[in-house]
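*Asks:* Got a sequence here, can you model it:
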Amino acid sequence: AGEVLLNSLAIIPSACVAYCGSSDLYFLASQFAGEFPCTFLYGLLPSLCNLKLRLHDGSIKSAKGKVAIEWLLVAISMSI
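*Replies:* Residues are numbered from 1 along each chain as shown. You can find the predicted model right below:
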């Protein structure tokens, strides 16, 4: 029951804003956030998380590949 309450507290406010807000609110929010966060969240982050999981899983066996991916992750995390 507590988990359902927490989930609804996360969903209900955004649903109210989406229902009561106008279409201009979406464009205003996307102008405020910019394109970089959307590209990072939906374009880069899933593939980087997959690479990180593969590093810990042992799927990537090359030492050079591991070092290159670790440096790539560090560089991207510092650019945020």
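*Asks:* list the helices and strands the helix or strand containing E3 packs on?
*Replies:* Assessed by DSSP states H and E, E3 sits inside helix 2-20. Identification of packing neighbours for helix 2-20 by 3 or more Cβ pairs under 8 Å, 6 or more residues apart in numbering; DSSP states H and E yields no helix or strand. Backbone N, C-alpha and C define where each C-beta goes, glycine included.
*Asks:* thinking in terms of the whole chain, how far from its middle is it?
*Replies:* Mean-position distance between helix 2-20 and its chain equals 19 Å (Cα atoms, centre = their mean, to the nearest Å).
*Asks:* Quick one: distance of whichever helix or strand comes after it to the chain centre.
*Replies:* Downstream of helix 2-20, the first helix or strand assigned by DSSP H and E is helix 23-33. Between the centre of helix 23-33 and the centre of its host chain there is 19 Å, according to Cα atoms, centre = their mean.
*Asks:* Contacts for the helix or strand following helix 23-33 next, please.
*Replies:* Once helix 23-33 ends, the next helix or strand along the chain (criterion: DSSP H and E) is helix 35-39. Contacts to helix 35-39, defined as Cβ atoms under 8 Å, 6 or more residues apart in numbering, come from residues S30.
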